[in-house]
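S.K.: From the sequence below, what's the structure:
(chains A, B, C, D, E, F, G and H)
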Number of protein chains: 8
Amino acid sequence: MELVVYLAGQIHDNRWRDEIRKRAKELKLPITFVGPMENHDRSDSIGEEILGKQPNKILVDDKASDFNNLRTEVLLEKADIVIACFGEQYKQWNTARDASIAIAKNKPLILIRPESLVHPLKELANKAHVVCETPEQAVKALSYIFETN
Amino acid sequence: MELVVYLAGQIHDNRWRDEIRKRAKELKLPITFVGPMENHDRSDSIGEEILGKQPNKILVDDKASDFNNLRTEVLLEKADIVIACFGEQYKQWNTARDASIAIAKNKPLILIRPESLVHPLKELANKAHVVCETPEQAVKALSYIFETN
Amino acid sequence: MELVVYLAGQIHDNRWRDEIRKRAKELKLPITFVGPMENHDRSDSIGEEILGKQPNKILVDDKASDFNNLRTEVLLEKADIVIACFGEQYKQWNTARDASIAIAKNKPLILIRPESLVHPLKELANKAHVVCETPEQAVKALSYIFETN
Amino acid sequence: MELVVYLAGQIHDNRWRDEIRKRAKELKLPITFVGPMENHDRSDSIGEEILGKQPNKILVDDKASDFNNLRTEVLLEKADIVIACFGEQYKQWNTARDASIAIAKNKPLILIRPESLVHPLKELANKAHVVCETPEQAVKALSYIFETN
Amino acid sequence: MELVVYLAGQIHDNRWRDEIRKRAKELKLPITFVGPMENHDRSDSIGEEILGKQPNKILVDDKASDFNNLRTEVLLEKADIVIACFGEQYKQWNTARDASIAIAKNKPLILIRPESLVHPLKELANKAHVVCETPEQAVKALSYIFETN
Amino acid sequence: MELVVYLAGQIHDNRWRDEIRKRAKELKLPITFVGPMENHDRSDSIGEEILGKQPNKILVDDKASDFNNLRTEVLLEKADIVIACFGEQYKQWNTARDASIAIAKNKPLILIRPESLVHPLKELANKAHVVCETPEQAVKALSYIFETN
Amino acid sequence: MELVVYLAGQIHDNRWRDEIRKRAKELKLPITFVGPMENHDRSDSIGEEILGKQPNKILVDDKASDFNNLRTEVLLEKADIVIACFGEQYKQWNTARDASIAIAKNKPLILIRPESLVHPLKELANKAHVVCETPEQAVKALSYIFETN
Amino acid sequence: MELVVYLAGQIHDNRWRDEIRKRAKELKLPITFVGPMENHDRSDSIGEEILGKQPNKILVDDKASDFNNLRTEVLLEKADIVIACFGEQYKQWNTARDASIAIAKNKPLILIRPESLVHPLKELANKAHVVCETPEQAVKALSYIFETN
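M.R.: Predicted coordinates for the structure are as follows:
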């Protein structure tokens, strides 16, 4: 049995994603990881990259969002589990969005967040299946699904 | 035909909600407005208010979230439309959550946000049915649904 | 038992809608009729009416569509039955859209179309519950639902 | 991860489909393309081909539609993404139908249309995830889903 | 709390429907009963009644079915419970159809059938919530839903 | 806005239900309470009451279950919220069933249980929206949904 | 792309199933065929075969139905298309059931029936995607889904 | 065609699971079996194992439940069939939960229970597709799905 796991979170620094992928590989977990474009600049400019020069900043953003949302929706639909990682930087409304769509679609959600965010994330955390603080703990949660004793 | 509209957004300052309700009333729109608890302090302490003293801060938050999520889920399920209002203060992850659940459940979404938030909200805005900058515009959108010419 | 019926079709000439409403009223059918904005010019300009001047024609259209789609989705969701009326003028892609959404959501569909459109509408007609040529026939179909012998 | 993409659009001239398939193949995208019967005459006569001579033109069309709709529904259900291509010729109500069913079933939609059709397609375009003008851009959108940086 | 109950079954002799309605009325159950057209001849000729003379017998039947299916689908969708009554006469494939749609849509099903039909109806009966032999028993089952002790 | 609340739990002693209904009435909450038959003996004998003498004990139970499940499914489907009350007596598998169906159907769940049952109920409690120990607390949770500050 | 096709119909004489399977094999269609137990006697006695001697004829039937319904539901759920074949013998309520569940679950339905059954099957036929008279025609309909011109 | 079967039940003694797996293997049934963690102590301590020491017994239980529920929901979602085995020991509310979620999600349910539990399990048994008393009978039910005569 293979699982697909979507890694939701900011894309300025992807070390947390690398750690999850590396640890899962070490454990030989039968998991395919998917997620957003991890190159932040390209994510912001993908609209103009494909459709050409846009007349203003709002449309640059809106067209980039077209392609990012296309990607997210296709891959989230394939996912069996969503891991959403929050940190202390950035607004992370896309992370909140992906986590919430997982909740609304009954896809199990693992939330990683530092203790400092307990209060502002309390309602989202309350709906997650698992809340933890490190990528390592999230991988242990994934591994537990496959273990037999 | 009556509609139910959920007013998602921060609850520190509810003037934007008051404005929407007042304008809709002036227009005699057949709308019932629902939304989160608007008393911020009570929202934070509702867990202890009902269940009694909790052993630590994390549990105070978690128990409050139980009641806030119960309320949100019952009322969002009743809503025909969600209006999500973002401002420049606060993390507003619950606003992002409610907006995203509206998207995932195919409930039409009206997003109110200042121009300064265009970039960080670009993916959420891209999925909203209507994006505007003032409560007055949101009410005009509601009114348009009932107008015949 | 009350039913809600959505009247999908072009909005340049609304006499077909008037005829359906008038005949249903004469028969005292317990039906609420809903549908798109019937003032074609306003439907095209509603984006600028609410959001203000737009920088180009594409955005005028896109913003108008935001409000028209908001309206359509709220009202189609309420509908028990969709009547889609095709004529020989206009592209009528919105009519095809509303009829198709009815099909996809298992909402019974009554299609009104002149004989000249049999061939191009053959696949859509094939999925309709009832295909007829006049508003009067469509109202008879509605009436039949309430009759007991 | 493999994706299935449905290519909706007129079937008189299938060069746009060939271009999409050729470019996707060059990029080695793991995609299976499906779509309607691409032989227009056969699509029109498939009813009589399988069921035999029909008594009149309406039934020739209706029986052909049976088989075309069977095919479309089986293959659309398998699709992860729908690409709908509109051109300046033909009524293209089946294209509008397939695009709308994609919208209603939350299957991401890529719309290809010339600038001349911006106005009549404005509401459908408004619901598409991506709107572009060439098959090449549509393939870039597909490719972006698989790229990691 | 009001319930809607669909009375599926043959329409040549509607005394079983009359008995259910009469008994439910005597018990003042808050139930609205719906069901197929109870005038069998009209049910067979409704296609021609509304659309005019049809070229052959198959089309007379097919057009009548259009209106009967429109009616059934609208009313079944409203129903909270389906009562399907089988007897020893007629093929009753529409009764089997309505009962099966109730099963597929998770609408509770009450099946009335004589002992002589136990064997041929065994798989359908096995999926019904309640199987009984008389309209009186079916009404008692409805009444039990509203009783408090 | 009216809500329907299903009161799941053992039916040997219904004082907990009475308390919830009484307190909600005192607070004038716009709630209709529904639930299982509260007369335990009748619940066990309803099969024979309606269908007559059964040949053995297994069938007495199975026929009673037909009517109890009919009732439960109709009323649970109407419910906006489920309150499931566990106590120290009885196996209460029907309570677990009703609570679990609420979870599977995304109906918010309020769980009442004594501290002594924390361990055996830990997985069910983990999925409830609110876990409390008294009917009074459950009513406060209901009341909170309607309060505005 | 592989499809799963469920062959619904009487199980006293399975030559129609053999013909469909043989023709599909000759055409090398990538189809897995599933369906009910084709040994009629075993289908009737499977309850006692697995659970042992039953006290009366009604329970022999009911227990057999348990296993037949388990099988049908598992396999129908896997099916992309249902072929339902009606003949002039037997009550065929299970065939009507399987065809109706296909309709309710939006699984495309191919109906095979002799001309003599046009009238009693008119409402079911009206909801089928394709209605034909021979297994050969049904296989041509399946083949058409895979053909490209 | 491969099936996934979830084995719900107590995890103190897993011999019933071993028997099912062994017999299915002997019959070469193409089935993947999944289920809860079968090491009871680890199931109770998995919260602390992954997240570290918890402040009190309630939180030890709640955190363990997070991981157990994550596992159950991922694997139940993959299952085509659920086998729920009840015995005379333990409260088995998780077994009732898994069986009920199968019912609510229309996943066929096979219930294994000793005769002594007929009465308390009567409503759950009434909704199961198959009720039997031994693992061997459950495997025969699985095997019957794949047999052709």
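
S.K.: The longest strand along chain A close to chain D?
M.R.: When chain A is parsed with DSSP state E, its longest strand is strand A:3-9. Yes. Strand A:3-9 lies within reach of chain D by Cβ under 8 Å from any Cβ of the partner chain, at A:V4. Every C-beta, even on glycine, is put in place using the N, C-alpha and C of the backbone.

S.K.: tell me which element the residue of chain A most remote from its centre falls in.
M.R.: Relative to the centre of chain A, and counting by Cα atoms, centre = their mean, the farthest-placed residue is A:P55 at 30.8 Å. For A:P55, there is no host helix or strand (DSSP states H and E).

S.K.: ditto for the one 4 residues further on
M.R.: Secondary structure here is read from DSSP H and E; on that basis A:L59 sits in helix A:57-78.

S.K.: What is that helix packed up against?
M.R.: Applying 3 or more Cβ pairs under 8 Å, 6 or more residues apart in numbering or on different chains; DSSP states H and E, one finds that helix A:57-78 contacts strand A:3-9, helix A:40-51, helix A:93-104, helix B:122-127, strand D:130-132, helix D:135-146.

S.K.: any idea which helix or strand comes after it?
M.R.: strand A:81-85.

S.K.: from the middle of its chain, how far away would that next one be?
M.R.: 5 Å (Cα atoms, centre = their mean, to the nearest Å).

S.K.: repeat for stretch A:29-36
M.R.: 11 Å.

S.K.: what mean pLDDT does that stretch have?
M.R.: Over the span of stretch A:29-36, the pLDDT mean works out to 98.

S.K.: for that stretch, which positions count as buried?
M.R.: Neighbour counts over stretch A:29-36 (16 or more other Cβ atoms under 10 Å in any protein chain shown) mark A:29, A:31, A:33-36 as buried.

S.K.: which residues sit in contact with A:S65?
M.R.: A:47, B:122-123, B:125-126 (Cβ atoms under 8 Å, 6 or more residues apart in numbering or on different chains).

S.K.: I misspoke; the intended subject was A:T148.
M.R.: Contacts of A:T148 by Cβ under 8 Å, 6+ apart are H:37-38.

S.K.: sorry, back to before: the residue farthest from the centre of chain A touches C:I58, doesn't it?
M.R.: No. Using Cβ atoms under 8 Å, A:P55 makes no contact with C:I58, being 9.3 Å away.

S.K.: re the thing from before, C-alpha coordinates for the helix holding A:L59, PDB please?
M.R.: Extracted in PDB, the C-alpha atoms of helix A:57-78 (Å, rounded to 0.1, in the frame of the first residue of the first chain):
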ATOM      1  CA  LYS A  57       1.300  44.000 -10.100                       C
ATOM      2  CA  ILE A  58      -2.200  42.800  -9.100                       C
ATOM      3  CA  LEU A  59      -2.400  40.800 -12.300                       C
ATOM      4  CA  VAL A  60       1.100  39.400 -12.000                       C
ATOM      5  CA  ASP A  61       0.000  38.000  -8.700                       C
ATOM      6  CA  ASP A  62      -3.400  36.800  -9.900                       C
ATOM      7  CA  LYS A  63      -2.000  35.000 -12.900                       C
ATOM      8  CA  ALA A  64       0.700  33.300 -10.800                       C
ATOM      9  CA  SER A  65      -2.000  32.200  -8.400                       C
ATOM     10  CA  ASP A  66      -3.900  30.600 -11.300                       C
ATOM     11  CA  PHE A  67      -1.000  28.200 -11.900                       C
ATOM     12  CA  ASN A  68      -0.200  27.700  -8.200                       C
ATOM     13  CA  ASN A  69      -3.800  26.900  -7.400                       C
ATOM     14  CA  LEU A  70      -4.000  24.500 -10.400                       C
ATOM     15  CA  ARG A  71      -1.000  22.600  -9.000                       C
ATOM     16  CA  THR A  72      -2.200  22.600  -5.400                       C
ATOM     17  CA  GLU A  73      -5.700  21.400  -6.300                       C
ATOM     18  CA  VAL A  74      -4.500  18.500  -8.500                       C
ATOM     19  CA  LEU A  75      -1.900  17.300  -5.900                       C
ATOM     20  CA  LEU A  76      -4.000  17.900  -2.800                       C
ATOM     21  CA  GLU A  77      -6.800  15.800  -4.400                       C
ATOM     22  CA  LYS A  78      -4.300  12.900  -4.800                       C
END
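
S.K.: What's the local residue count around A:A141?
M.R.: Neighbourhood size, A:A141 [other Cβ atoms under 10 Å in any protein chain shown]: 22.

S.K.: That one contacts A:P135, correct?
M.R.: No. A:A141 lies out of contact with A:P135 (Cβ under 8 Å); the separation is 10.6 Å.

S.K.: What count of nearby residues applies to A:I110?
M.R.: A:I110, neighbours per other Cβ under 10 Å, totals 26.

S.K.: Next one: whichever strand or helix holds it, is it in contact with chain H?
M.R.: Per DSSP H and E, A:I110 falls inside strand A:109-112. Yes. Using Cβ under 8 Å from any Cβ, strand A:109-112 comes into contact with chain H via A:I110.

S.K.: which bits of chain A sit near chain F?
M.R.: Residues of chain A lying close to chain F by Cβ under 8 Å from any Cβ are A:N106.

S.K.: Taking chain A, what residue is nearest to chain E?
M.R.: A:N106 (17.2 Å; Cβ to the nearest Cβ).

S.K.: residues from chain A in reach of chain D?
M.R.: Counting by Cβ under 8 Å from any Cβ, chain A sits next to chain D at A:4, A:32, A:34, A:37-39, A:42, A:46, A:49-51, A:66-67, A:69-71, A:73-75, A:77-78.

S.K.: Whichever of the residues you listed end up buried, select them in PyMOL.
M.R.: Buried residues within the residues of chain A next to chain D, by 16+ other Cβ under 10 Å, are selected in PyMOL with:
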select buried, chain A and resi 4+34+37+38+42+46+50+51+66+67+69+70+71+73+74+75+77
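
S.K.: Can you mark which positions in stretch A:54-66 are buried?
M.R.: In stretch A:54-66, counting by 16+ other Cβ under 10 Å, buried: A:58-66.

S.K.: One more: stretch A:6-24?
M.R.: Buried, per 16+ other Cβ under 10 Å, within stretch A:6-24: A:6-11, A:14, A:16-17, A:20-21, A:23-24.

S.K.: now these as CSV including pLDDT?
M.R.: As requested, these are arranged in CSV below (pLDDT from 0 to 100):
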residue, pLDDT
A:Y6, 98
A:L7, 98
A:A8, 98
A:G9, 98
A:Q10, 97
A:I11, 96
A:N14, 96
A:W16, 97
A:R17, 98
A:I20, 98
A:R21, 98
A:R23, 98
A:A24, 98
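
S.K.: Which positions in stretch A:84-101 come out as buried?
M.R.: A:84-87, A:91-101.

S.K.: Could you check how far A:E49 is from A:D41?
M.R.: Per Cβ to Cβ, to the nearest Å, A:E49 is found 10 Å from A:D41.

S.K.: what's the answer for A:I81, then?
M.R.: Applying Cβ to Cβ, the value for A:I81 to A:D41 is 29 Å.

S.K.: higher neighbour count, those two?
M.R.: Counted by other Cβ under 10 Å, A:I81 and A:D41 do not tie: A:I81 has more neighbours, with 24 against 11.

S.K.: Contact partners for the more buried one?
M.R.: A:3-6, A:107-110, A:142, H:70, H:74 are the contacts of A:I81 under Cβ under 8 Å, 6+ apart.

S.K.: So is stretch A:24-34 next to chain H?
M.R.: No. Using Cβ under 8 Å from any Cβ, stretch A:24-34 stays clear of chain H, with a minimum separation of 11.2 Å.

S.K.: now could you export just the CA positions of that stretch as PDB?
M.R.: The C-alpha coordinates for stretch A:24-34 follow below in PDB (Å, rounded to 0.1, in the frame of the first residue of the first chain):
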ATOM      1  CA  ALA A  24      11.000   8.800   5.200                       C
ATOM      2  CA  LYS A  25      13.500   7.400   2.600                       C
ATOM      3  CA  GLU A  26      15.800   6.100   5.300                       C
ATOM      4  CA  LEU A  27      12.800   4.300   6.800                       C
ATOM      5  CA  LYS A  28      11.900   3.000   3.300                       C
ATOM      6  CA  LEU A  29       8.300   4.200   3.800                       C
ATOM      7  CA  PRO A  30       6.200   3.600   0.600                       C
ATOM      8  CA  ILE A  31       5.300   7.300   0.300                       C
ATOM      9  CA  THR A  32       5.200   9.700  -2.600                       C
ATOM     10  CA  PHE A  33       5.600  13.300  -1.400                       C
ATOM     11  CA  VAL A  34       4.000  16.200  -3.300                       C
END
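
S.K.: Fine by me, we can end here.
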